[in-house]
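[1] Give me a model of this one.
(chains A, B and C, ligands or ions: 2)
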Amino acid sequence: MASVTFSGVTKRFDDVVAVNALDLEVADGELLVLLGPSGCGKTTALRMVAGLEEVTDGDLAIGDLRVNDLAPKDRDVAMVFQSYALYPHMTVQRNIEFPLKRQGVAAAERSSRVLEAATTLGLDELLERKPGQLSGGQRQRVALARAIVRAPRVFLMDEPLSNLDATLRVQTRSDIVAIQRRLGTTTIYVTHDQVEAMTMGHRIAVMRNGALEQVASPTDLYDRPATAFVASFLGSPGMNLLAATGFTGHDGTPGLRAAGAELPWPDGFSRQPSGDVTLGFRPEAASLGSEGLDARIILVERLGAETHLICSLADGERVVVRQRDRQSSHQISDHVRIRIDTDQIHLFDAESGLRLGEGT
Amino acid sequence: MRTRRFTALTLTLALGGSATLLAACSSSGSSSSTTTPSATATCNATALNAATGPVTINFWESAARANATVLANLTNQFNASQTKVHVNLVVQTSYADTWQKVKAGLSNGQLPDVAQIQDTDTQGAIDTGAFLNEQNCINGFSYQTSDFLPRALAYWSVNHQQWAMPFAVSGPVLYFNQNAFTKAGLNPATPPATLSQMVADAKTLKTAGQGGMGLVLDPWHFETWLATENDLLVNHNNGRTGRATAVAFNTPAADQIFSELNQMVSAGDATTNSAQGAAAFDNLLGVGSGKYSMTIDTSAALGTIQSLLATGQYPNVKLGVAPFPTAVANATGGVQPGGSALWISSKSSPAKEAAAWEFVTFLDNTASQATWAAGTGYIPLRTSSANTPTIQKLWATNPQFKVAYTQLVGGAATYASAGAVLGSFDDVRTAIATAEATMFLGKESPSAAVTMAANSSNALISNYNQRIGQG
Amino acid sequence: MRRSLRESSLAYLLLLPALAIFGVFTFYPFLENFRLALYENPPFPGLPSHYVGLSQVGSVLGSTGFHQSLVSTFLFVIMVVPCGLLGGLALAVAAHQKLAGMSIYRTIFSSTVVSSVAVAAVVFGTLMDPVVGLLPWLGINPTPPILSNPTWALPAVALIAIWQFLGLSFIIMTAGLQSLPEEVLEAARLDGAGGWTMFWRITVPLLSPSLFFGVVVGTIYAFQSFGQIDILIGPQNAAFTHTNVLLYYVYNALSVQNNPGLAAVLSIVLFTILLVLTLVQFRFLERRVHYASD
Ligand SMILES: Nc1ncnc2c1ncn2[C@@H]1O[C@H](COP(=O)(O)OP(=O)(O)OP(=O)(O)O)[C@@H](O)[C@H]1O
Ligand SMILES: [Mg+2]
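    Ligands and ions are numbered 1, 2, ... in the order given. The predicted model follows:
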C-alpha cells in the first residue's frame, strides 16, 4: 500500500492545459474520488499516476518514490478502464491471470489467486468464457478481478460504472467499496456522478479546469463548500446562488440585499459591508411562506418522495425549492414567496467565488 | 467484420468465376468447318492471266527494323516491276506475332495471302489446313529449283513436298574474340572445330583470366549438334517421311553432348543465359563487349555485332567468326539451317494463290536474294545469288558473312541435317531447355536430363498428335 | 403474412435485369465451362473438336504438367501470403510510430497497390538480369540465370508478387493497427507486457481480424497472379514448367495452345481449390479470430 502525492503536477497537450499545478495527497488506504465536470482533467490526472501520460511539470510520487520517469509496469498500479479493456482473445481465467504471468508468479499460486479473485466477484462459473460471451456487468467484474488479483499498491478506476444500468451500478458500487475497505488498497476513483462520489469516497477532490477546487470528506464538501463552484456542482439539484450586496442598516446591523429583499447578515461569515457577494442556499434550506423573496413557479418536478419547485425571481434569477411534501399543491405560474433558513446560508466572494471567512 | 467476410467470399467466387469465364469465352469457332490441305489444288499462270485487273494480295512479314526496310524496298520493287499483282506489306515485326495472328485468323477469317513463318511452325502450318502446298505451284508453273541451296529447300520439304519456299535463312556459327584467344595462348586462326575442342578452349581461356563461353540456352544448338553427327531429333526421319510420333534423341550421342555442355558450365567456364526474354542476347553482347570470349548464335546477328564493335567502344575485342563446332570430329552430317519461309494461303482464290506465288518467286530470285542477303546478313539461297557482284564484293571485304553460307553448302544432305519437323516444336524446345537447365543446376545427371527431355517431349508430341486427330 | 402474387411478381420483374446480367456473364459461362471440359480441341482454330467425355478430365489430372503446376501454385502461394502479410505488418508497425513525416512513408509503403504488374515485372527483371542486374552484382547469380533457372525462377516471380502485395497488406495492417482498442494495449502495458509479449500476446491476436482478412485476400491475390510470369518467364523459358501456376496454365492453354477444353478442366480445378480453401479458412482459421467488437 502507498500514498499518492501530486506536487504541482501539470499536464499540457500542446496548447491545452489538461491538469494545472495539481497539489493533492491521497493517503495510504484511502479511497479518493476525483470529481468534476467533463473535460476538467480527471482522466488525465489518473493516467499520469498510471504512467500512461507523461507529467509535464511537477512531481508525482507513489509512496516515497518519485514516479515521473517510471514505466507503467514498474509502478505496481492496477487500472480499471471505463471500456473494461479486457483481452478479447483470452478466457476470463486467462484475462485475470495475465498480470500474474507477467510478474512470473508460479502456476499453482496463479490459479489459486485467480480463483480467489473470481470468487470474490462471483465469476467462478464464468472462467472459461471469452469476454464476448459476457454481459456488461460481468465484463466489468472481470476487469475488477484482473485489477485486484495483482494486489497492487494503488487502484485506479476511471468511471468504471458508467456503462452499467442504474440497478447494476448501485450494486457494483457497494461491491467496490466493500472490496476496497477489505483490501485497504489506496484507490483513486474518477467519476462525474456525485452520488457515487458521495457514497464511495473517504474524501472527494473536486476539479475544475485542470485545477483542484476543494478536497474534503463528502459531508464537509456538502456542508461547507469552499467555493461557489463546488457548492453548485454538488447536490442534486445544486446550491442556489444569488447575487447579493452587503449593507449596514440604520441601526448599524449588517444586512444583505438580494433579489429585492433584505436579510440579516448571517452568522459565521466575516462582514463585507459594501462588497458584492454571492448568496448560496441549498434547495432544502428554502421553503414557501407568507414572506420572503417574490417568485413565480415556472416548473414543478415531482420525484415521488419530494418535489422540486423551480422558481423565477423578480429579476429573472432561478431558484429551486425542495419540498418534502409529495402532495405539493403548487402549480406552474403560482406566485409564491420564498423564505430562506438563515442558518443554512453560505456566502462567497462575488469575484473569486471563495467562501467568506469565519468571523463577525 | 461481416462485410470483410463477404468481400473475401465474393472475391473468391469472382476469381473462380472469371477463370471459368475466360475459358468459356474463347470456345467460339472451335467447331467451325475444316478444310483439308489442298493436295489437288492447282497453282498456275492460267489462274493469274484470267484475272481482270491487278490482283491485290496481303503479305504478313515478320522482320523488324533494318531488315524490314530491306523487305519493304524489295516489295516496292516488285510492285513497280509489273502490273498484274499488287502486294500490301503488313509488318508484324516478329515470328511470334505473325504466327499468333495467323492462328487468330483461322477463326476470324483474317488470313494473309502470303506469310513469313518461322521454321518451328512448319508442321503446325501444314496442320492448320490453311496453307497451300507450294509443290503444286512448282509443278503448275514448272518452276526450276536447281539453283537453290539443296539443304535450304530440304528444310521445308516434308514427304518430298516443298510445302514452302525458304526466304530468310541463317545458321548457328561460333563468334569469338581473337584477342582473348591470343592472350590465352590459343591460335585465333584455328578456333574450335568440335564441341570438345570448344569445351577445352573455354577452360584455357578461363584459366588464362579471359572471359569464358557465353552459352545461350537454345535447343536449336542441341538439334544442330545432333545433325552434325547425322543423328535424328525425332522419329520417321525427323518427321520428313511421316508424322513424328516420338523423339529419337534418347541416345548416348545426346548424353555426350549434354555431358560436355555440363562439364563446361559446372567448371564455371561457361555462363548461361535464356534464349528469350530480356536476357536473350546477353551471350552476344558479352562477346561484343569482351566479357565472354566465345558464343554460339545465329549468323543473322553478325551485322549487329559488327556495328556494335564499329562504335569503337570495345577496343580489346577483335571479332572472329567460325563454323559451328561439330559434335564429333569427322562429322558425317551437316549443320541444319534455321529461319523462315514464305507460306501461301490456301483459303484465297486461285488468282490470289498464283499472284502470291509470283511474289514468292520474286523474293527468291537471284537479284532479290542477293539484295536481301547483303542487306540483312541472311544466307543467299541461290548459287547464282552468291555469284552476283553484290555478294562477291561483300564476302571479299567482309569474309565473316560467308561462314554460314559455306557451312550450309558443305556437309551431307541427310534427313538429320535437314532438321526436324514436328508439332508443338516450341514446347519440345522448352522441354529440352528445361532439362538442360536442370542439369546445369546439378539436379540431374546428363543422361538423366536427356531422358527427362525425351519423356516430356514425347508427352508433348503425342498430346499434339492426339489433338490433331493423328494420335 | 403472405405477400400478394402481384407484389412478388413486381419484385421479380425489378430483379430481372440483375438476374439477366448475372445469368449471361456468370451462370452461363460457369455452366458452359463444364460442357467445354468434355471436349478435346485441336491445336488450331478451325479444326473440329471431339467429344471425349470425362476422359480429358482424367488425363489432365493425371498429367505431369498438371502436377507440376499444382506444386508450383502451392509453393507460390506459400511464399507470397506469409511473406506479404508479415512484411506488410512489419512496415505497418514501423509506420505506426507517431513521428513527423510518417505520412510520406505511408504513401510510399502503400504505393505498390497502384503499381502495374508490367512495370513491376520489367523493373524486377532488370534487377535480376545476369549482366546489368543488381542481384547478380550482389553475388546472387546462379547458373542458369535467375529468371531461367528452374530453382530460382519461382521464388523470383514470387518476390515480385510479394512486393506488389506489400502495399495492400500494409494498408490492411495499418487499418488494423489504427483500430486497435487503445485501452486494451494500455491495460496490457500496466499488466506488465512489453516488447515481444506485447506484440505476440496482445497486438497480433487483436489484429487477427486483419490478419485473417489478409490471408483470405492474399491467397486469392496469389492464386490470380500470373502477369509477371507471363512477362518475365513465358512458355518458351527453361524455367517455364516450374513457374506454370494454375491460372497461368489456364491462360496459356487458351491464348497459346488454343485449348479451351484443357483450360476448362484447369479452371474447374482452380475454382474448386479456391472454394475449398476459402471454406477451410472460414471454418478453421476464423475460429482463431477475435473480433473485438461491441
Ligand atoms: N491526448 C490528448 N491530446 C490533447 N488534448 C487532450 C488529450 N487528452 C485529453 N485532452 C484534453 O485535456 C482536457 C482534460 O481531459 P480529460 O480526459 O482528463 O477530462 P475528464 O475530466 O476525464 O473528462 P470526462 O469526464 O469527459 O472524461 C480536455 O480538454 C481534453 O480535451
Ligand atoms: Mg475522463
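[2] ranges for the strands of the stretch 1-150 of chain A?
    A:4-13, A:16-26, A:31-35, A:57-62, A:65-66, A:77-80 (DSSP state E, counting those that start in this stretch).
[3] Of those, which is nearest residue C:147?
    strand A:4-13 (54.6 Å; Cβ to Cβ). Bear in mind the C-beta positions are built from the backbone N, C-alpha and C, glycine included.
[4] Which of the residues in the closest one are classified as buried?
    A:4-6, A:9-11 (16 or more other Cβ atoms under 10 Å in any protein chain shown).
[5] State the number of residues packed around the residue of the stretch 301-450 of chain B found nearest ligand 1.
    The nearest approach of the stretch 301-450 of chain B to ligand 1 comes at residue B:441, 58.7 Å away (Cβ to the nearest ligand atom). By the criterion of other Cβ atoms under 10 Å in any protein chain shown, residue B:441 has 18 neighbours.
[6] so it sits right up against residue C:149, yeah?
    Yes: counting by Cβ atoms under 8 Å, residue C:149 is a contact partner of residue B:441 at 6.8 Å.
[7] any common contacting residues for those two?
    Here residue B:441 and residue C:149 have C:142-143 as joint contacts, going by Cβ atoms under 8 Å, 6 or more residues apart in numbering or on different chains.
[8] the strands in the stretch 251-360 of chain A, which residues?
    Chain-ordered strands for the stretch 251-360 of chain A, with DSSP E, counting those that start in this stretch as the definition, fall at A:254-258, A:261-264, A:276-281, A:286-289, A:293-302, A:307-313, A:318-323, A:335-340, A:345-349.
[9] closest to residue C:264 out of those strands?
    Of those, nearest to residue C:264 by Cβ to Cβ is strand A:293-302, at 78.1 Å.
[10] List the buried residues of the closest one.
    Neighbour-count burial for strand A:293-302 [16+ other Cβ under 10 Å]: A:293-295, A:297, A:300.
[11] list the helices and strands it packs on?
    strand A:307-313, strand A:318-323, strand A:335-340 (3 or more Cβ pairs under 8 Å, 6 or more residues apart in numbering or on different chains; DSSP states H and E).
[12] got any ranges where the chain has weak pLDDT?
    In the absence of a named chain, this looks at chain A. A:1, A:272-274, A:326-328, A:359-360 (pLDDT under 70).
[13] meant chain C actually
    C:1-3, C:292-294.
[14] can you map out the strands along it?
    C:39-40, C:50-51 (DSSP state E).
[15] How about the stretch 301-450 of chain B?
    So, for the stretch 301-450 of chain B - with DSSP E, counting those that start in this stretch - the strands run B:319-323, B:338-344.
[16] nearest residue to residue A:237 other than its sequence neighbours?
    residue A:320 (4.8 Å; Cβ to Cβ, 6 or more residues apart in numbering or on different chains).
[17] Hmm, I typed the wrong one, I wanted residue B:361.
    residue B:143 is the one closest to residue B:361 (Cβ to Cβ, 6+ apart), at 6.5 Å.
[18] cool, and residue B:54?
    Nearest non-adjacent residue to residue B:54 (Cβ to Cβ, 6+ apart): residue B:86, at 4.9 Å.
[19] ok, now which ones touch that neighbour?
    B:54-57, B:79.
[20] make it 7 Å
    By Cβ atoms under 7 Å, 6 or more residues apart in numbering or on different chains, the contact list for residue B:86 reads B:54, B:56, B:79.
[21] Equivalent analysis for residue C:176, please.
    Contacts of residue C:176 by Cβ under 7 Å, 6+ apart are C:207, C:209-210.
[22] can you list these in TSV and add distance to chain A?
    Listed next are the contacts of residue C:176 as TSV, based on distance: Cβ to the nearest Cβ, whole Å:
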residue	distance to chain A
C:207	10
C:209	10
C:210	13
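[23] Narrow those residues to those in helices?
    Among the contacts of residue C:176, DSSP state H puts C:209-210 in helices.
[24] just the buried residues of strand A:4-13 now: which is nearest chain C?
    Nearest to chain C among these is residue A:4, at 15.0 Å by Cβ to the nearest Cβ.
[25] what's across from the closest one in the sheet?
    residue A:26, residue A:62 (DSSP bridges).
[26] if I look at it, how far off is chain B?
    Computed as Cβ to the nearest Cβ, to the nearest Å, the residue A:4 to chain B distance reads 41 Å.
[27] For the stretch 51-200 of chain C, which segments count as helices?
    C:55-62, C:64-95, C:102-110, C:117-128, C:134-137, C:153-178, C:182-190, C:195-197 (DSSP state H, counting those that start in this stretch).
[28] Tell me which of those sits most buried.
    helix C:153-178 (a mean of 23; mean count of other Cβ atoms under 10 Å in any protein chain shown).
[29] tell me the angle of that helix relative to helix C:117-128?
    Relative orientation of helix C:153-178 and helix C:117-128, computed by axes from the mean of the first three to the mean of the last three Cα atoms, to 10 degrees: 120 degrees.
[30] As CSV, the strands of the stretch 251-360 of chain A with distance to residue A:145 would be great.
    As requested, these are arranged in CSV below (distance: least, Cβ to Cβ, whole Å):
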stretch, distance to residue A:145
strand A:254-258, 53
strand A:261-264, 55
strand A:276-281, 43
strand A:286-289, 46
strand A:293-302, 40
strand A:307-313, 40
strand A:318-323, 40
strand A:335-340, 50
strand A:345-349, 43
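[31] how about these, which one is nearest residue B:163?
    The nearest among those, by Cβ to Cβ, is strand A:293-302 at 107.3 Å.
[32] what are the C-alpha coordinates of that closest one, in PDB please?
    Extracted C-alpha coordinates of strand A:293-302, given in PDB (Å, rounded to 0.1, in the frame of the first residue of the first chain):
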ATOM      1  CA  LEU A 293     -38.500  36.700  -1.900                       C
ATOM      2  CA  ASP A 294     -41.100  37.300  -4.500                       C
ATOM      3  CA  ALA A 295     -41.100  34.500  -7.100                       C
ATOM      4  CA  ARG A 296     -43.200  32.700  -9.700                       C
ATOM      5  CA  ILE A 297     -43.200  29.000 -10.200                       C
ATOM      6  CA  ILE A 298     -42.100  28.000 -13.700                       C
ATOM      7  CA  LEU A 299     -41.700  24.200 -13.300                       C
ATOM      8  CA  VAL A 300     -42.800  21.600 -10.900                       C
ATOM      9  CA  GLU A 301     -40.800  18.400 -10.700                       C
ATOM     10  CA  ARG A 302     -42.500  15.600  -8.800                       C
END
